[in-house]
Every structure is written in C-alpha cells, then in structure tokens.
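Asks: Would you be able to build a 3D model of this:
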Amino acid sequence: MRVFGPLTDRATYRRWVYFILGGALSVPYLLFAAVIVPSLLPLATTMEYGVIIGLVVVALVMIASSFLPAVRVLEGAAVRELLDDPVPGATFGPAGSWPVRLRSSAMFLLHVGTGCVVSLISLVVPVVFGFAVAAPFTGRIALSTENPILVPEGWASAWIPAVLLLGLVALAYGVWMAGAVLTRCARSLLGVSAAERIAELEKRTEQLAERNRLARELHDSVGHALSVVTIQAGAARRTLRADPDFTEQALTAIEDSARAALDDLDHVLGLLREETSSRTPQSGLGELPSLIEATRLAGAEVSAEVRGEPSAVPPVVSREAYRILQECLTNALRHAGKVPVTVLVDVGPELVRLRVSNPLGAAAPSRDGGGRGLRGMAERVDVLGGTITAGRADGLWKVEVAVPWGNRR
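Replies: Residues are numbered from 1 along each chain as shown. Next up, the predicted model:
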C-alpha cells in the first residue's frame, strides 16, 4: 500500500497546486522573454546569441523581483498552505537582513522554475493522453486538424494510451517527489536561523522584563492609592458629622489618589496592548511634593528634605527613585499607621541617595523577610546597579537606597 501512497496522499495534490502556482508566476517572465528576445536580435549576430542575451535579461528581472517584500509574503503563504508548513516558526514580512533576502529569493526562483516545468508537463501529458485514447480505434492521433499522427489500428497501437496513462501516474509520483525536495529546501532556506532565534529570544526577554517593570509600576501606584483611600475613607466615616471640613478634605484626597491610580492603570494597560496611551504619566522626583502631600492627607506626618537638583537626574533613574519612595510611604501607612515619616533625597554628583524612616508602630507586623513591595524595590535598584538596605534599627524601620546616575544619559 505504501507504493501507491503518493497517489492517495493529499499532500501530493497540494504540492501539485503549489507547482501550478509557480507555473502561473512564470507566465509574466515568459511573456517578457517573448518581447525582449526579438528586440535584442538586431543587436546580436545570431539567433542563438539573441536568445542567450534575452534569457540573461529575463533571469536578472526575475531575481530583482524576488527581493520584493510582497514576493516574500506570497512565497511564505504558498509554502505554509501548500507544503504543509515546514517552517512553523518563520515570519514572512519584510526581510531584515541580506542573508534572509537571498534565501527567500532562492526559494522563489526554485518555485517558479520547477513550477514552470511541472505545469508544462501537467498540461501536455493529459492532453496527449486524451487524443491518444481513440488511436487504436481510429488509427490516428489528431493533435492538429491538418497533420494528424497516423498509427496502426487495433492492438498494434493499444500501447500508446497505456504508456501515456503510465506517464500520468509517473507524473503524480514525480510531483510528490519534487514537492518533498522543495519542502526540504523551504525548511533550509526559509527556516529560522540560529541568529534569528537568538534575536527573537532576546526580544521576548526584553518584553518580559518590560512586563515585570509594568507590574511593579501597578503594584506601587495602585497599592499606594488604595492605602490612601482606605485610611481616608475610614477617617471620613468617623468625622462625617463631627467635622465636615476634615471629611471634605479626606474625600478630596481619595478622589486625587484614585484619579492618579487610574491614570497609571490606563498608561500601563495601553503599553500592554502595544498601543499609545492617551495619557502617559511618567512620575519622577519632580512629582515628589505631590506624593508627600497625598501621604500627609492620609494622616501621616511626613517631613521631607531634598538636597541637590532632582531635575538633573536622568528620567529612568528619577522614575524608579519616585516609585521606591512611593512604595516606602505606602508601606509606612500600611504597616505602621499614622506615624511620623522622615524622607531624605540627596542628589549628589554621581549618586542619588534615598532614606525613609518611620517608627514601627504598636501593631506593626514583622517584615524581616520582606514582601512583594520590598522585593520590587530591590529589583528596581538592582536594574539600576545600586544598593538597598531595609530593616529595623533603633525602634525605626529604615530603608536606604543608593543609585548611580552620573554616567547615565
């Protein structure tokens, strides 16, 4: 049964369509040759030279057109759909390098050249077989009305349609084998190279790192906002009737914190969807006064000191430093409550130093092991090549960060 497999295999007929498509693509080049060869004859000494020159010109045109991005897309779609997708990991857009262009061009030329030959044979053999079926009965093969081929009648010419029928079967086997060869060629020429795989892995690594950064952004921003909202909502509930002015102040803080969190959420979701967000909040050390004020509205006593010029810090360092301070203030509210918090930002010529300290509070849970917030801060500092220490000291919880910035651009 395996001997007759190619005759019943669907892949054979998909490959046949692939070759017929290649034959169709060869027609414009053949028409171009039919035009260019006669036009070159006056410049050539003999017909043979004219044909050779014309074929060279047509070959150059075919090679040039094979570098078009649309041709690569067309060839990729044909290989994927008709040759059982031998390169599932490949993408068939505009090529990024000359080696990729050359391999795609070679595959296209193989497709068109082989398709032209297979299409021609596929057209001739069935037609001749159709005319030869009646030869044993009529004694003639009428390929043309004027000069038919005369053959003996009866069994003496019965071998002619039989041989042509075997030719049709052989053509099917030939298509199957040629398709297998071009499938291997497609795997070699259109497959993803080791360098391209490495580049794709690096791109995915960068995307994962960016997603992790965005997750930290959401954790810090939304976590801080929810801490402020929770504390202020509780304060507003207790003073709703006794102190309307304070209640209004607390509700204002809730509104501002929630709006800032929504802005950050909109920005992050836009990046995750690979879209341009309508609002792109990129908070940095310049927004530190607003962060301090929001924390004060939540009930904490915050004293802040800023040394140096925060506006001189590069945006990437400024943004990460802001998020670290935001996380520290959020942790102080969440774990210690309404306690005095001291913040120091020291912008030196080469280092940005951050220091946040606050009393532990009466019901402060143990944080020696660190939670997600501390791990997130450590990841930020590690990416920037800095250092961080966090822990208890003299009845206080202290976080100290040093991040280099003097050689960054």
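Asks: Can you give the domain ranges for this protein?
Replies: 5-192, 199-404 (automatic domain parsing).
Asks: for the stretch 101-250 of the chain, what spans make up the strands?
Replies: According to DSSP state E, counting those that start in this stretch, the stretch 101-250 of the chain carries its strands in the segments 140-141, 149-150.
Asks: so which of those strands is the most packed in?
Replies: Across those, averaging neighbours per residue (mean count of other CB atoms under 10 Å) puts strand 140-141 on top, at a mean of 17. In this view, the C-beta of every residue, glycine as well, is placed from N, C-alpha and C.
Asks: what distance separates stretch 32-40 from the centre of its chain?
Replies: 45 Å (CA atoms, centre = their mean, to the nearest Å).
Asks: any idea of the mean pLDDT in it?
Replies: In this model, stretch 32-40 has an average pLDDT of 77.
Asks: repeat for stretch 311-329
Replies: Stretch 311-329 carries an average pLDDT of 86.
Asks: Alpha carbons of that stretch, in CSV - could you do that?
Replies: Output for stretch 311-329, consisting of C-alpha atoms alone and laid out as CSV, is shown next (Å, rounded to 0.1, in the frame of the first residue of the first chain):
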residue,chain,number,x,y,z
SER,A,311,15.6,67.8,37.7
ALA,A,312,19.2,66.9,36.7
VAL,A,313,18.6,63.2,37.3
PRO,A,314,18.0,61.1,34.1
PRO,A,315,14.3,60.2,33.6
VAL,A,316,14.9,56.4,34.1
VAL,A,317,16.6,56.9,37.5
SER,A,318,14.1,59.7,38.5
ARG,A,319,11.1,57.5,37.7
GLU,A,320,12.5,54.5,39.6
ALA,A,321,13.5,56.6,42.6
TYR,A,322,10.0,58.1,42.7
ARG,A,323,8.5,54.6,42.7
ILE,A,324,10.8,53.5,45.5
LEU,A,325,9.8,56.4,47.7
GLN,A,326,6.1,55.8,46.9
GLU,A,327,6.5,52.2,48.0
CYS,A,328,8.2,53.2,51.2
LEU,A,329,5.5,55.7,52.1
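Asks: Begin at 14, not 1, for the rest of this chat.
Replies: Sure thing, new numbering starts at 14, so read that last one as stretch 324-342.
Asks: buried stuff in it?
Replies: By 16 or more other CB atoms under 10 Å, the buried positions in stretch 324-342 come out as 326, 330-342.
Asks: what's the answer for stretch 21-30, then?
Replies: If you call a residue buried by 16+ other CB under 10 Å, then stretch 21-30 has these buried ones: Ala24, Thr25, Tyr26, Arg28, Trp29.
Asks: Quick check, pLDDT for the second one.
Replies: Per-residue confidence (pLDDT) for Thr25: 93.
Asks: Pro101: what secondary structure?
Replies: Put simply, Pro101 is coil when judged by DSSP: H, G, I helix; E, B strand; the rest coil.
Asks: any idea how far it is from Gly398?
Replies: 40 Å (CB to CB, to the nearest Å).
Asks: before we move on, the earlier item: could you export the buried residues of stretch 21-30 as TSV, including secondary structure and distance to Leu81?
Replies: What follows is these, written out as TSV (DSSP: H, G, I helix; E, B strand; the rest coil; distance: CB to CB, whole Å):
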residue	secondary structure	distance to Leu81
Ala24	helix	29
Thr25	helix	30
Tyr26	helix	29
Arg28	helix	24
Trp29	helix	26
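Asks: That'll do, ta.
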